[in-house]
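Novice: 3D model of this:
(one chain, ligands or ions: 1)
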Amino acid sequence: MSATWTDPAAEAVARLVAVRTGFTYAQQYPAKTEESIRRSMAAQGVASVSEYLALLERTPQAMEQLMDELTIRETYFFREPRHFEFIRDQILPQLREARGHEHVLRAWSAGCASGEEAYSLAILMAQSGLSDAASVLGTDISQAALTTARGGRYRDWSLRGAGSKFMSSWFRAAGPAWELIEPIRRKVRFAYLNLSLDAWPSHVSGTLGMDLILCRNVLIYFDAWTVEQVARRLCASLAPGGWLVTASSDPTLGRNAGLEPHVTEYGVFYQRPVVEQRPLLHDAHESPAPPIKPRRAARQQPARKVRRPLETPEPASAPLAVGDRARAALLAGEYRRVLELIPDLRGEADACRLRVDALANHRGPEAASDAAEEALRHHPLSTALHFRHAVLLSSLGRLKDSEQALRRVIYLDRRLAVAHFALGALHWRGRRLEAARRCYRTAERICRASPPDVELPLADGQSAGSLAAAAARHLSALGGQEEAIPA
Ligand SMILES: C[S@@+](CC[C@H](N)C(=O)[O-])C[C@H]1O[C@@H](n2cnc3c(N)ncnc32)[C@H](O)[C@@H]1O
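Specialist: Next up is the predicted model:
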């Protein structure tokens, strides 16, 4: 490891990268980092490092391009095969038994690089007969890696090791490369996500209610504080009873992340327990000016005891109303039970929302989006349903429709910070940076007007303080000129 910088401005670049992305690795390897900076400067046509630093401060695209240079994207199909054996032999059967056969398993490769890990999961699901009952999300901070991932074409090098066994069944030859067959490609959706910017888990990023997360060989690039923050968020992304798999070289995660470690002959795996859970998709407030629920009130609820992970909670002694039972089932990740309890969309908006949430987790975003649309015909003024609909449309890639739905939410309730935040994310995706900045500023202003520990409506349990911090970090990552915040 070289410990010296030849140019102090390069060290400042590495510091900026660490602040904006949590990627502290660049600070530890000055020589390698300076080499990446030089390549990026050439690509941007910039002559001096200080000029380049200024460009990074104000242009998110320049930062993205530098991240493409800095990140180590080493990966291959079925890397650490023991992990995939454990998933196939232990995790999938357990989840299937607990969630029911109709449940669509949701898996996420967080830090997926060029997609090999995400596609390995899709192949494993297909081998386990779960082709129609699983979906996989792959996210990364490197746009270049995501472009390769979406292409689904790989060289032999990506198929070294255990991967080579799968070539004939799941790939077809495409010149010197191997192309994944369409049914596997269809199962995986790729998206940009910076794990160390704390705007997730969220509906917008589709990172809630996961049954299985692989976050391998990513945490090693973060400092201890960022590892802890990311671990907590990964736990919150999991549905109760869901599993997290890290690499054997990754830092061990403490119990304070909320995860239960399982030491097995296949390695260490983590599971989110089924106690003290929050709803996967949080309770809605239907009034145009929603009351803000103090966090403390939520904590006073007694933690529900379960007999074993992934099991239905004990029924309370007094019979519960259908809505409460459905809410409890949603909390426990029993989506099929929610659908049995609320079999159609003819009831109150709140019941419809529970059904939509269960459908999103059980059958996927398309079925849930259709249901939300139908429910909105009966409840056109429901901000919660409009917001759900917006999120689902965004996860289906229908960004224009999603934007319109978010505008409806904001029209109905201008104080909904999450709606401004979500609209900011859509603008960012569409490269409308000034519009994105405006939305994040509004979200931050609304959040700062509340005590930091109050839970925000429709925010998946996020507090005003944490959403304000997320908005501030997004604003910092977006760079650009500060504008006066409108009163
Ligand atoms: C070594 S690869 C791991 C790929 C795969 N998970 C595996 O184990 O084979 C690490 C990946 O983490 C990504 N990464 C680094 N920092 C990140 C961040 N803050 N958010 C999301 N991804 C990040 C890098 O772009 C890179 O693609």
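Novice: So which residues on the stretch 101-250 of the chain come close to the ligand?
Specialist: Applying C-beta under 6 Å from any ligand atom, we find that the stretch 101-250 of the chain lies next to the ligand at 111-113, 117, 140-142, 145, 193-196, 216-218, 221, 247. All C-beta atoms are positioned from the backbone trio N, CA, C, and that covers glycine.
Novice: what about stretch 9-19 and the ligand, any contact?
Specialist: No. Residues of stretch 9-19 contacting the ligand under C-beta under 6 Å from any ligand atom: none, with a closest distance of 9.9 Å.
Novice: Same check on stretch 25-43?
Specialist: No. Using C-beta under 6 Å from any ligand atom, stretch 25-43 stays clear of the ligand, with a minimum separation of 8.1 Å.
Novice: For that stretch, give me every contacting residue.
Specialist: For stretch 25-43, contacts defined as C-beta atoms under 8 Å, 6 or more residues apart in numbering pick out 1-7, 10-11, 13-15, 17-18, 47, 49, 52, 62, 65-66, 69-70, 72, 221.
Novice: List the buried residues for that stretch?
Specialist: By 16 or more other C-beta atoms under 10 Å, the buried positions in stretch 25-43 come out as 25, 26, 27, 29, 30, 32, 33, 34, 36, 37, 40, 41.
Novice: what does stretch 238-250 give?
Specialist: Of the residues in stretch 238-250, those buried (16+ other C-beta under 10 Å) are 238, 239, 240, 241, 242, 243, 244, 245, 246, 247, 250.
Novice: what would the residues you listed look like in TSV with pLDDT?
Specialist: Conversion of those to TSV gives the following (pLDDT from 0 to 100):
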residue	pLDDT
238	93
239	89
240	89
241	92
242	94
243	96
244	97
245	97
246	96
247	94
250	91
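Novice: Greatest separation within those: which pair is it?
Specialist: 240 and 247 (24.2 Å; C-beta to C-beta).
Novice: Point out the other helices and strands that whichever strand or helix holds residue 225 packs with.
Specialist: Applying DSSP states H and E as the criterion places residue 225 in helix 224-237. Packing partners of helix 224-237 (3 or more C-beta pairs under 8 Å, 6 or more residues apart in numbering; DSSP states H and E): strand 210-214.
Novice: what about the strand it packs on, distance to the chain center?
Specialist: 10 Å (C-alpha atoms, centre = their mean, to the nearest Å).
Novice: mind exporting that strand as CSV, just the C-alpha atoms?
Specialist: The C-alpha trace of strand 210-214 is given here as CSV (Å, rounded to 0.1, in the frame of the first residue of the first chain):
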residue,chain,number,x,y,z
MET,A,210,-36.6,-8.7,0.5
ASP,A,211,-36.5,-12.5,1.2
LEU,A,212,-32.8,-12.8,0.4
ILE,A,213,-30.0,-10.3,0.1
LEU,A,214,-26.5,-11.0,-1.2
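Novice: what about the residue lying closest to residue 208 once chain neighbours are set aside, how many neighbours?
Specialist: Of all residues not flanking residue 208 in the chain, residue 201 sits nearest, at 4.7 Å (C-beta to C-beta, 6 or more residues apart in numbering). Residue 201 is flanked by 23 other residues according to other C-beta atoms under 10 Å.
Novice: Buried ones in the host helix or strand of residue 125, by neighbour count?
Specialist: Element membership for residue 125, per DSSP H and E: helix 116-127. Going by neighbour count (16+ other C-beta under 10 Å), the buried part of helix 116-127 is 116, 117, 118, 119, 120, 121, 122, 123, 124, 125, 126.
Novice: and the next helix or strand after that helix, what's its mean pLDDT?
Specialist: Moving toward the C-terminus from helix 116-127, the first helix or strand encountered (DSSP H and E) is strand 134-140. For strand 134-140, mean pLDDT is 92.
Novice: ok, then the element right after the helix holding residue 225?
Specialist: Following helix 224-237 in sequence, per DSSP H and E, is strand 238-245.
Novice: Show me what that following strand pairs with in its sheet, parallel or antiparallel.
Specialist: Here strand 238-245 is paired, per DSSP bridges, with strand 210-214 (parallel), strand 267-271 (antiparallel).
Novice: Show me the contact partners of the next helix or strand after that strand.
Specialist: Later in the chain than strand 238-245, the nearest helix or strand by DSSP H and E is strand 260-264. For strand 260-264, contacts defined as C-beta under 8 Å, 6+ apart pick out 86, 90, 252, 253, 255, 268, 269, 270, 271, 272, 273, 309.
Novice: go again using 10 Å as the cut-off
Specialist: Strand 260-264 is contacted from outside by 82, 86, 90, 235, 243-244, 252-255, 268-273, 275, 309, using C-beta atoms under 10 Å, 6 or more residues apart in numbering.
Novice: just the strands in the protein please.
Specialist: 105-110, 134-140, 153-154, 171-174, 177-180, 188-192, 210-214, 238-245, 260-264, 267-271, 293-294, 454-455 (DSSP state E).
Novice: per-stretch mean pLDDT over the ones you listed, give me the minimum one.
Specialist: strand 293-294 (a mean of 26).
Novice: would you list the strands of the chain in JSON lines and tack on distance to residue 421?
Specialist: Shown next, in JSON lines, are those (distance: least, C-beta to C-beta, whole Å):
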{"stretch": "strand 105-110", "distance to residue 421": "20"}
{"stretch": "strand 134-140", "distance to residue 421": "18"}
{"stretch": "strand 153-154", "distance to residue 421": "36"}
{"stretch": "strand 171-174", "distance to residue 421": "40"}
{"stretch": "strand 177-180", "distance to residue 421": "34"}
{"stretch": "strand 188-192", "distance to residue 421": "16"}
{"stretch": "strand 210-214", "distance to residue 421": "21"}
{"stretch": "strand 238-245", "distance to residue 421": "22"}
{"stretch": "strand 260-264", "distance to residue 421": "31"}
{"stretch": "strand 267-271", "distance to residue 421": "28"}
{"stretch": "strand 293-294", "distance to residue 421": "18"}
{"stretch": "strand 454-455", "distance to residue 421": "15"}
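Novice: Now for this protein, the helix or strand with the poorest mean pLDDT.
Specialist: strand 293-294 (a mean of 26; mean pLDDT, DSSP states H and E).
Novice: any weak-confidence spans in the stretch 51-200 of the chain?
Specialist: For the stretch 51-200 of the chain, the stretches flagged by pLDDT under 70 are 163, 198-199.
Novice: pLDDT weak spots in the stretch 251-400 of the chain?
Specialist: 275-320, 333.
Novice: and residue 431, how many neighbours?
Specialist: Residue 431, neighbours per other C-beta under 10 Å, totals 10.
Novice: Just to check, it is in contact with residue 192?
Specialist: No. Residue 431 is beyond contact range of residue 192, at 11.9 Å (criterion: C-beta atoms under 10 Å).
Novice: how long is stretch 71-78 from one end to the other?
Specialist: Using C-alpha to C-alpha, to the nearest Å, the end-to-end distance of stretch 71-78 comes out at 21 Å.
Novice: Give me the buried stretch members for it, please.
Specialist: Buried, per 16+ other C-beta under 10 Å, within stretch 71-78: 71, 73, 75, 76, 77, 78.
Novice: near the ligand too, which of the residues you listed?
Specialist: Among these, the ligand is touched by 71, 73, 75 when using C-beta under 6 Å from any ligand atom.
Novice: so which of the residues you listed comes closest to residue 343?
Specialist: residue 75 (43.6 Å).
Novice: Would you mind measuring from the residue lying closest to that closest one once chain neighbours are set aside to residue 214?
Specialist: Using C-beta to C-beta, 6+ apart and skipping the chain neighbours, the partner closest in space to residue 75 is residue 113 (4.2 Å). Here residue 113 is placed at a distance of 11 Å from residue 214 (C-beta to C-beta, to the nearest Å).
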